[in-house]
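Chemist: Dropping the sequence and predicted coords here.
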Amino acid sequence: MVYCVLIACLEPFANGWVSGSSNVPGTVTHVCEHGMAHVASKGLPDCLPMTTALWGFAVSSFCVGGLISALFGGNLQEKLGRRLTIIVNNFGFIIGSLLCCVAVHQAMFIIGRILCGISCGLGSLVVPTYIGEVSTIKGRGTMGTCNQFLIVIGLLLASAIGLPLAKVPLWRINYAITAFPAIAQVFLMATCAESPRWLVSKSRFEEARATLQKLRGNCNIEQEFYDMVEGIHGAEVAGTVSNGHSRREGMDMIDSKEGAEINDTTDVELKAAGEDVADKENMSMLQVMKDPVMRRIGFTVFVHHIIQQLSGMNAVMYYSTNIFLLAFNNSQSMAQLMAIITTIVNFVATIVTVIVIDRFGRRPLLLIAEAGTCIFSVLLVIGYKVNSPGLLIASVFLYVASFALGIGPIPWMITSEMTPTHAASAVGAASTCINWCMNFVIGQIFPVIFAAIEGWSFLIFAVICLLSFLFTFFFLPETKGRSIESIARGYEKYRK
């Protein structure tokens, strides 16, 4: 299980690298002494001159790719399965990063970012789904935070490695590095197990059982497997599948003729069970919205994905260098160093989250995170107002730490933890689409807002975080230690 999760998390690492690759070397990418001239290299221009608005679009254009892939990602992961979808997803990273590396025109660079974004978006959907479906209930929190943890590692390394590469023509290497984890995952993911829940949803019961046993080692999987089949296909099918397997196990204790008869009967029953559910389709988004239980679950999940982006974290990660320029009187080197330290703070806080998520639960950590981001956004504005570099820097660091404690990982976790398998693709795709839409909005409009009102812009995020705290307090149930089916049953009161 741990091996499968870590291999799957090569995708969020690439995602984090794509997100952070434009931060530190961003200036030299689009603003340099010789512009489109071929001074450092005869084959490639020194940089790709862009206006502030165009660079803002280039930075956030990978969100357009994320939005595009979110629209078809749900159907793709249902058709191909979780494992094969993760493998196919890497080709966007490989092609896109290489386009950015050898770009000779602004459009070529933007297209490369969009292709990387397509992989970021599809990966943001399928990887949390895969992790949630292969993990045990007890370890689901720790496994789920690995997704965000690898994003943070990608951000950190992109900033740290981006600093020595922030010169002509080395900035191109920074954008090409994304291809390496993607190539590795193409080969390593083939050695991982498929999601047993997806196999059950396709009525491949024996294969699902064998896969679940492989993921759980020597543990007894019968109750977990029964609950899985019951939650997806109902108690009658679960009983048939469970009884059929029990009779198979008893065949070694009886004579061959009787064993053959039982084997034939079991095969017929399993085939009938498969035929009974073969036509059972996954819910579409329209069906999710019509169902009172799924509508409530979907609404809770969607709002938390909106919160994740509108809380302002990506504004900090995309443009932290510009924010620190305010504190250091336009000292570019100090601002870049502080941007790197910001990613280190994010990294350390995410480690803390990995350690405590299964001890404290999702809801308390999310409430603490939302309260923290609200408070430190206000302090950041105060630091800007009174021109206090120390308060400005401390506020940014503490804001980032608060975000990493809950707002970063938990929305992706609850998407897989709260959504039944038959609605997972529809809700997951819509959540990913919403998340990347908001990501694009922040990446596109924040430079304009920041240019107009600078530090005051974080007052907007403070208000959003306050409203987020209230929403989480009243609407989000605790998912720690609960199966997907039990969480869904908790919403049955809304069906009346």
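Modeler: Nice, thanks for sending it over.

Chemist: any idea how far the residue nearest to the spatial centre of the chain lies from E207?
Modeler: Central residue of the chain (CA atoms, centre = their mean): S124, 3.7 Å from the mean position. Separation of S124 from E207 (CB to CB, to the nearest Å): 27 Å. Quick note: C-beta positions are derived from backbone N, CA and C, even for glycine.

Chemist: buried residues in stretch 476-489?
Modeler: For stretch 476-489, a neighbour-count test (16 or more other CB atoms under 10 Å) marks 476, 479-480, 482-484, 487-488 as buried.

Chemist: how far is stretch 196-210 from where the chain is centred?
Modeler: 24 Å (CA atoms, centre = their mean, to the nearest Å).

Chemist: mind exporting it as CSV, just the C-alpha atoms?
Modeler: Output of stretch 196-210 as CSV, limited to C-alpha atoms (Å, rounded to 0.1, in the frame of the first residue of the first chain):
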residue,chain,number,x,y,z
PRO,A,196,-9.9,-2.7,-5.7
ARG,A,197,-12.9,-0.4,-5.4
TRP,A,198,-12.7,0.4,-9.1
LEU,A,199,-12.4,-3.4,-9.9
VAL,A,200,-15.5,-4.0,-7.7
SER,A,201,-17.4,-1.3,-9.5
LYS,A,202,-16.7,-3.1,-12.7
SER,A,203,-17.9,-6.4,-11.2
ARG,A,204,-14.4,-7.9,-11.3
PHE,A,205,-14.8,-9.4,-7.9
GLU,A,206,-12.2,-12.1,-7.7
GLU,A,207,-9.5,-9.7,-9.2
ALA,A,208,-10.6,-7.1,-6.7
ARG,A,209,-10.3,-9.5,-3.8
ALA,A,210,-6.8,-10.6,-4.9
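
Chemist: mind listing what's buried in it?
Modeler: Neighbour-count burial for stretch 196-210 flags 196-205, 208-209 (criterion: 16+ other CB under 10 Å).

Chemist: what does stretch 228-245 give?
Modeler: 228-233, 237-238, 240-242, 244-245.

Chemist: before we move on, the earlier item: count of residues packed around the closest residue to the residue nearest to the centre of the chain other than its chain neighbours?
Modeler: Once flanking residues are discounted, S124 sits nearest to T432: 5.2 Å by CB to CB, 6 or more residues apart in numbering. Per other CB atoms under 10 Å, the neighbour tally for T432 reads 29.

Chemist: what about A40, which SS state?
Modeler: Taken by DSSP: H, G, I helix; E, B strand; the rest coil, the conformation at A40 corresponds to coil.

Chemist: doesn't P49 make contact with H30?
Modeler: Yes - using CB atoms under 8 Å, H30 is in contact with P49, at 6.2 Å.

Chemist: Widest-spaced pair of the buried residues of stretch 476-489?
Modeler: L476 and S483 (17.3 Å; CB to CB).

Chemist: mind listing the helices for the stretch 351-496 of the chain?
Modeler: 362-385, 389-402, 410-418, 421-453, 458-475, 484-489 (DSSP state H, counting those that start in this stretch).

Chemist: same question, the stretch 151-300 of the chain
Modeler: 171-176, 179-188, 196-201, 205-216, 222-233, 235-249, 256-278, 285-290, 292-310.

Chemist: mean confidence score for stretch 389-399?
Modeler: Per-residue pLDDT over stretch 389-399 has a mean of 88.

Chemist: From the chain's centre, how far out is it? Work that out for me.
Modeler: Relative to the chain's own centre, stretch 389-399 is displaced by 27 Å; criterion: CA atoms, centre = their mean.

Chemist: List of residues touching it?
Modeler: Applying CB atoms under 8 Å, 6 or more residues apart in numbering, the contact partners of stretch 389-399 are 312, 316, 320, 323-324, 326-328, 338, 341-342, 345, 372-373, 376-377, 379-380, 382-384, 455.

Chemist: Is V28 in contact with P49, as I believe?
Modeler: No - counting by CB under 8 Å, V28 stays clear of P49, with 11.5 Å between them.

Chemist: Could you pull up phi and psi at Y491?
Modeler: phi -90, psi 0 (degrees, to the nearest 10).

Chemist: Just give the nearest non-adjacent residue to it, would you?
Modeler: In space, Y491 is closest to V293, 4.5 Å off (CB to CB, 6+ apart).

Chemist: domains for the protein, by residue range?
Modeler: 2-192+284-495, 201-278 (automatic domain parsing).

Chemist: tell me the most buried of those?
Modeler: domain 2-192+284-495 (a mean of 21; mean count of other CB atoms under 10 Å).

Chemist: in the stretch 1-150 of the chain, which spans are helices?
Modeler: 2-8, 10-20, 26-30, 52-80, 82-101, 106-134, 140-162.

Chemist: And those: which comes nearest L215?
Modeler: Across these, closest to L215 is helix 106-134 (CB to CB), at 5.6 Å.

Chemist: counting contacts, what elements does that closest one pack onto?
Modeler: helix 2-8, helix 10-20, helix 52-80, helix 82-101, helix 140-162, helix 196-201, helix 410-418, helix 421-453 (3 or more CB pairs under 8 Å, 6 or more residues apart in numbering; DSSP states H and E).

Chemist: Next, report how far the first one is displaced from the centre of its chain.
Modeler: For helix 2-8, the distance between its averaged C-alpha position and the chain's averaged C-alpha position is 15 Å (CA atoms, centre = their mean).

Chemist: repeat for the second one
Modeler: On the basis of CA atoms, centre = their mean, helix 10-20 sits 10 Å off its chain's mean C-alpha point.

Chemist: Which strands or helices does it pack on?
Modeler: helix 82-101, helix 106-134, helix 140-162, helix 179-188, helix 313-327.
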